[in-house]
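A.B. asks: need coordinates for the following:
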Amino acid sequence: MDLETRLLASVKALFAGESSGHDAAHSIRVYRTAMRIAAQEPCDREIVTLASLLHDADDVKLFRTENFANARRIMAECGVENARAERAIEAIRTASFKGTDSVVPETIEGKIVQDADRLDAIGAIGVARAFAYGGAKGRAMYDPAVPPEMDMDEARYRSHEGTTVNHFYEKLFLLRERMNTAAAREIAARREAFMRAFLEEFYAEWEGER
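C.D. replies: Numbers count the residues shown, from 1 in each chain. Coordinates of the predicted model:
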């Protein structure tokens with residue numbers, strides 16, 4: 001059994017029953033997008049594979065692990081050498097959006113995985129995931145009386161409980177300009193345009209205009 005097959009099996013088992021939008025399907029889409037970007041960048045594709053498939057294995061929204069325990073365990077079970085596992089962990093460490101505390105990864109592998117993860121947060125899938133997560137957390141879809149809260153640091157971003165529509169402004173519409181690679185920026189432009197068209201229709205329907 002090759003590394004990719006073993007990783008996929010482990011990811012599916014780890015996220016079994018998850019329905020908030022941070023599920024195995026999300027990790028697999030991030031992996032596929034990362035491979036698409038990696039084909040246009042000089043990089044270590046195995047590190048990109050490891051980090052993209054395991055980037056949410058220790059997400060604080062889902063797990064209470066420390067020091068990326070799930071990712072480390074899965075890589076050890078798959079026979080990944082320690083030095084290479086650490087390179088994957090470094091890419092995972094810098095992938096997540098953390099408000100104003102977000103960082104640009106130092107390695108090209110980290111930049112690719114960060115781009116792929118952020119691309120899955122926008123576009124049609126991104127819209128679906130945003131409302132799935134909001135529903136899972138009991139958040140309102142929209143409240144015209146509640147404005148978006150901008151420029152949140154990591155602590156505030158993690159504790160914030162705004163509406164799902166506000167999340168578009170607080171995070172999703174910020175991602176296109178923060179992409180690291182040319183390939184990701186091209187994809188992001190199209191996906192952001194879709195989201196803006198979606199919200200235009202959403203507001204019109206909310207007001208009973210369409």
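A.B. asks: ok now the least confident helix or strand in the chain by mean pLDDT, how far from the chain's centre?
C.D. replies: Across the helices and strands of the chain, mean pLDDT, DSSP states H and E gives its lowest value to helix 154-159, namely a mean of 81. Mean-position distance between helix 154-159 and its chain equals 16 Å (CA atoms, centre = their mean, to the nearest Å).
A.B. asks: then that helix to CSV, C-alphas only?
C.D. replies: The C-alpha atoms that make up helix 154-159 are tabulated as CSV, following Å, rounded to 0.1, in the frame of the first residue of the first chain:
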residue,chain,number,x,y,z
GLU,A,154,-6.1,35.1,16.8
ALA,A,155,-7.6,35.1,20.2
ARG,A,156,-10.5,37.3,19.2
TYR,A,157,-11.0,35.4,15.9
ARG,A,158,-11.2,32.0,17.8
SER,A,159,-13.7,33.3,20.3
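A.B. asks: helix or strand right after that helix?
C.D. replies: Using DSSP states H and E, the helix or strand that directly follows helix 154-159 along the chain is helix 164-170.
A.B. asks: list the buried residues in that following helix.
C.D. replies: Going by neighbour count (16 or more other CB atoms under 10 Å), the buried part of helix 164-170 is T164, V165, N166, H167, F168, E170. C-beta here means a position set from N, CA and C on the backbone, and glycine is covered the same way.
A.B. asks: so who does the fourth one touch?
C.D. replies: Put plainly, it is H167. By CB atoms under 8 Å, 6 or more residues apart in numbering, the contact set of H167 is A130, G134.
A.B. asks: contacting residues around the closest residue to E170 other than its chain neighbours?
C.D. replies: Leaving aside its sequence neighbours, E170 sits nearest to P148 (CB to CB, 6 or more residues apart in numbering; 5.1 Å). By CB under 8 Å, 6+ apart, the residues touching P148 are G162, N166, Y169, E170.
A.B. asks: want to try TSV for these, with distance to F131 as columns?
C.D. replies: Formatted as TSV, the contacts of P148 follow (distance: CB to CB, whole Å):
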residue	distance to F131
G162	14
N166	13
Y169	15
E170	15
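A.B. asks: can you give me the neighbour number for V146?
C.D. replies: 12 (other CB atoms under 10 Å).
A.B. asks: sorry, slip of the keys, the one I care about is R45.
C.D. replies: Around R45 there are 14 other residues, counting by other CB under 10 Å.
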